[in-house]
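Asks: below are the sequence and a predicted model; questions follow.
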Amino acid sequence: MTPVIMVETIALIYYNAIRKATNSSVLKTICKQILKDEVPHIRFQYERLAILHKKRGHLLLKLTQAIQRTLFFTIVLAVWCGHHKALRAGDYIFKKYWQAAWKKMKFAWERMNPQLYEWDNKYDLENCDFQQEQSELLFDELIMRKKGVQNG
């Protein structure tokens, strides 16, 4: 699940670069829609990761974060190597791309921290028989709030 949020985070930069680089109104519209669609995808991912990480101990959580940062470092470099021409055409020199990627991923990492949320333990997600409709109902009814602020 973590690589998905990493790729979706970088997609925000990539499709913004394509949108800025093209003269095609159709391609601009497609890029704008992709960018709009990615935001709820990323939110869904970081909230689910907070759920998955909520019972991890401090040491395991730190190890997970170190592995995530190493993986993200690799993905950021790989995307630049494969798509630097498109990124440059959209006004992303390497430094700007690098900073934007880490800033956006930092935003997601901060929100996947399970300590930021208050949990309603009414639903035991680990011991539930996850049939399709049952899982949809549980996630619809799950109450997860950022501490002190209603989160959707």
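Replies: Arrived safely.
Asks: so where's this structure shaky on pLDDT?
Replies: Scanning the chain with the threshold set as pLDDT under 70 gives 1, 119-152.
Asks: for it, what spans make up the helices?
Replies: Counting by DSSP state H, the segments of the chain that form helices are 2-21, 25-53, 58-89, 94-111, 132-141.
Asks: just put those helices in CSV and tack on distance to residue 117.
Replies: Heads up, the C-betas are built off the backbone N, CA and C, glycines and all. CSV is the format used below for the helices of the chain (distance: least, CB to CB, whole Å):
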stretch, distance to residue 117
helix 2-21, 17
helix 25-53, 6
helix 58-89, 14
helix 94-111, 9
helix 132-141, 14
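Asks: is it possible to export the ones you listed to JSON lines including mean neighbour count?
Replies: As requested, the helices of the chain are arranged in JSON lines below (neighbours: other CB atoms under 10 Å):
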{"stretch": "helix 2-21", "mean neighbour count": "19"}
{"stretch": "helix 25-53", "mean neighbour count": "15"}
{"stretch": "helix 58-89", "mean neighbour count": "14"}
{"stretch": "helix 94-111", "mean neighbour count": "16"}
{"stretch": "helix 132-141", "mean neighbour count": "11"}
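Asks: for residue 118, find the nearest of those.
Replies: Each of the helices of the chain was checked against residue 118 via CB to CB, and the shortest separation belongs to helix 25-53, namely 11.3 Å.
Asks: tell me what the closest one is packed against?
Replies: On a contact count with 3 or more CB pairs under 8 Å, 6 or more residues apart in numbering; DSSP states H and E, helix 25-53 meets helix 2-21, helix 94-111, strand 144-146.
Asks: if we use 10 Å, what do you get?
Replies: Helices and strands touching helix 25-53, by 3 or more CB pairs under 10 Å, 6 or more residues apart in numbering; DSSP states H and E, are helix 2-21, helix 58-89, helix 94-111, strand 117-119, helix 132-141, strand 144-146.
Asks: and the angle from it to helix 2-21?
Replies: Using axes from the mean of the first three to the mean of the last three CA atoms, to 10 degrees, the inter-axis angle of helix 25-53 relative to helix 2-21 is 160 degrees.
Asks: and helix 25-53, how far out from the chain middle?
Replies: For helix 25-53, the gap between its own C-alpha mean and the chain's C-alpha mean amounts to 8 Å (CA atoms, centre = their mean, to the nearest Å).
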